[in-house]
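> quick one: sequence and predicted model below, then my questions.
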Amino acid sequence: MSDYDAIARFYDADHSGFADDLPFYRELARRTGGRVFDVMCGSGRLLVPLAQAGIRVTGIDASAAMIERARMRVAATGVAPRIALYHGDVRSAVPDGPYHLAIVALNSFMHLTTTADQLAVLANIHRALHPDGLLAIDVFNPHARNLAGCDGELALDRTFRTDDGALVCKFVAQRVDMAQQINHVTFVYDELDGNGSVRRTVHPMTLRWFYRYELEHLLERTGFAVEAIYGSYDLDPFVTGSDIMLTVARRRG
């Protein structure tokens, strides 16, 4: 069972309103003009709007619960003919392509904490892409400002309601290991029922951050040539203070 199975409904409600990256991926998909591969797609946040734009999309995720939620989302919106969903581990294998664009969105690549896993996933994506296909990877920029305050203190991040109406308070604690480039994150979800009772779900996870030339080196080793690195979804240049590092690379060979 994937670690995300236990929090799939929280994750879905927490992230379903985020669409800042959608115009970027939609336009990139139109530019490439073919099938899109949403790697580690979660509950399908990007799948449905891309399919609604007439794009054929394949999604894969290691969490069975996330894929089930994605299936429900797809069924409710009538775009099933343009979407294929798979439950699987992208470190081992990916669905057959060829795809014209692969997307690893919203820090998903940071869940790969070893070089072996990173290279395995990139190699699998490379094999699945059409010759000359594109890969977009969106990760956190480990600028000192962005890492400040990651001292392990538990803080309220936000409140939201799940699709069954439960009120959830989400707390986050982060602790960084600078030598290992690791961010130890703990999510705490306090779910309040109508009687004032609280049910707590605790979800720890480990994220590995990347520096620019480290990521470029990984891509080079697996047969990609970097085309551009942006600091925002609006294609601003990547600079020291950027919040994100959005890399677009082209498959060679």
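Sure thing, it's come through. Numbers count the residues shown, from 1 in each chain.
> return the residues in contact with the closest residue to Phe10 other than its chain neighbours.
Of all residues not flanking Phe10 in the chain, Tyr189 sits nearest, at 5.0 Å (C-beta to C-beta, 6 or more residues apart in numbering). Using the backbone N, CA and C atoms, a C-beta is placed for each residue, glycine as well. By C-beta atoms under 8 Å, 6 or more residues apart in numbering, Tyr189 lies in contact with Ile7, Phe10, Val168, Cys169, Lys170, Phe171, Arg200, Thr201, Val202, His203.
> kindly recompute the last result at 7 Å.
Ile7, Phe10, Val168, Lys170, Thr201 (C-beta atoms under 7 Å, 6 or more residues apart in numbering).
> cool, Ala29 as well?
Counting by C-beta under 7 Å, 6+ apart, Ala29 has contacts Val36, Leu50, Ile55, Leu101.
> need these in a markdown table with pLDDT, neighbour count and secondary structure, can you?
Below are the contacts of Ala29 laid out as a markdown table (pLDDT from 0 to 100; neighbours: other C-beta atoms under 10 Å; DSSP: H, G, I helix; E, B strand; the rest coil):
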| residue | pLDDT | neighbour count | secondary structure |
| --- | --- | --- | --- |
| Val36 | 98 | 27 | strand |
| Leu50 | 98 | 25 | helix |
| Ile55 | 97 | 23 | coil |
| Leu101 | 98 | 26 | strand |
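> can you list those in CSV and add distance to Phe238?
Below are the contacts of Ala29 laid out as CSV (distance: C-beta to C-beta, whole Å):
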residue, distance to Phe238
Val36, 23
Leu50, 24
Ile55, 26
Leu101, 20
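> number of residues surrounding the nearest residue to Lys170 once chain neighbours are set aside?
Closest residue to Lys170 apart from its sequence neighbours, by C-beta to C-beta, 6+ apart: Asp157 at 4.7 Å. Asp157 has 14 neighbouring residues, counting by other C-beta atoms under 10 Å.
> residue contacts, Asp157?
Applying C-beta under 7 Å, 6+ apart, the residues near Asp157 are Lys170, Phe171, Val172.
> export these as TSV, with columns for secondary structure.
Formatted as TSV, these follow (DSSP: H, G, I helix; E, B strand; the rest coil):
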residue	secondary structure
Lys170	strand
Phe171	strand
Val172	strand
